[in-house]
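K.L.:
the following block contains a protein sequence and its predicted model.
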Amino acid sequence: MSELAEAAALVAAGRFDAALKRLLPIPEGTPGLDALLGAARLGRKEAKAALLHLARAVAQSPDDTGLVLQLGKAHLLANDPGTAITLFEGLPASPARDEALAGAYRRDARFGDCVGLVGAAQAPSDQMLFERAMSLNGQAMRSRP
């Protein structure tokens, strides 16, 4: 198994430190490296590094919806929900996209958009229902004198 494949398995298992140990010695520019480094950094909640690597990965593969979704999540981690929303809204609807978009709407105080998105979902996840509840609370707090 190649170093990249081993690192990908570690990222998928949530073993981000171990994945980074495998990935860091690999030469920059190796195909697939930025995507895995970005995913590992995102998993470690390292927004700046995740943004750097995921932006490079998306530039190389702009049609990879999984990478764009991860880049949007990195923007959320960096407290930039506006950019995350733009990225998520450009993706085709899917449960993963809708869940991330609902969270981004709430974090950007677009409570009505969040509630509408969750209401339109056929089978909203627990996370989407949480985002809806938080948005309804946000709307209620706004309407108080």
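P.N.:
On my side now, so go ahead.
K.L.:
okay, now the domains of this protein?
P.N.:
1-79, 80-145 (automatic domain parsing).
K.L.:
okay, these in JSON lines with mean neighbour count and mean pLDDT next?
P.N.:
Where C-beta positions appear, they are placed from N, C-alpha and C, glycine not excepted. Shown next, in JSON lines, are these (neighbours: other CB atoms under 10 Å; pLDDT from 0 to 100):
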{"stretch": "domain 1-79", "mean neighbour count": "18", "mean pLDDT": "96"}
{"stretch": "domain 80-145", "mean neighbour count": "17", "mean pLDDT": "94"}
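K.L.:
show me which helix runs longest in the protein.
P.N.:
In terms of residue count, the longest helix belonging to the chain (DSSP state H) is helix 126-143.
K.L.:
identify the residues contacting that helix?
P.N.:
98-99, 102-103, 105-106, 109, 111-112, 114-115, 117-119, 121, 124 (CB atoms under 8 Å, 6 or more residues apart in numbering).
K.L.:
using CSV, list the CA coordinates for it.
P.N.:
Taking Å, rounded to 0.1, in the frame of the first residue of the first chain, the C-alpha atoms of helix 126-143 are listed here in CSV:
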residue,chain,number,x,y,z
ASP,A,126,-30.2,15.1,13.5
GLN,A,127,-27.6,17.8,12.8
MET,A,128,-30.0,19.6,10.4
LEU,A,129,-32.7,19.5,13.0
PHE,A,130,-30.3,21.0,15.5
GLU,A,131,-29.4,23.8,13.1
ARG,A,132,-33.2,24.5,12.6
ALA,A,133,-33.8,24.6,16.3
MET,A,134,-30.9,27.0,16.8
SER,A,135,-32.1,29.2,13.9
LEU,A,136,-35.6,29.3,15.4
ASN,A,137,-34.1,30.4,18.6
GLY,A,138,-32.1,33.0,16.8
GLN,A,139,-35.2,34.3,15.1
ALA,A,140,-37.0,34.5,18.4
MET,A,141,-34.1,36.4,20.0
ARG,A,142,-34.1,38.9,17.2
SER,A,143,-37.8,39.6,17.6
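K.L.:
ok now it, how far from the chain's centre?
P.N.:
Per CA atoms, centre = their mean, to the nearest Å, the displacement of helix 126-143 from the mean C-alpha position of its chain is 20 Å.
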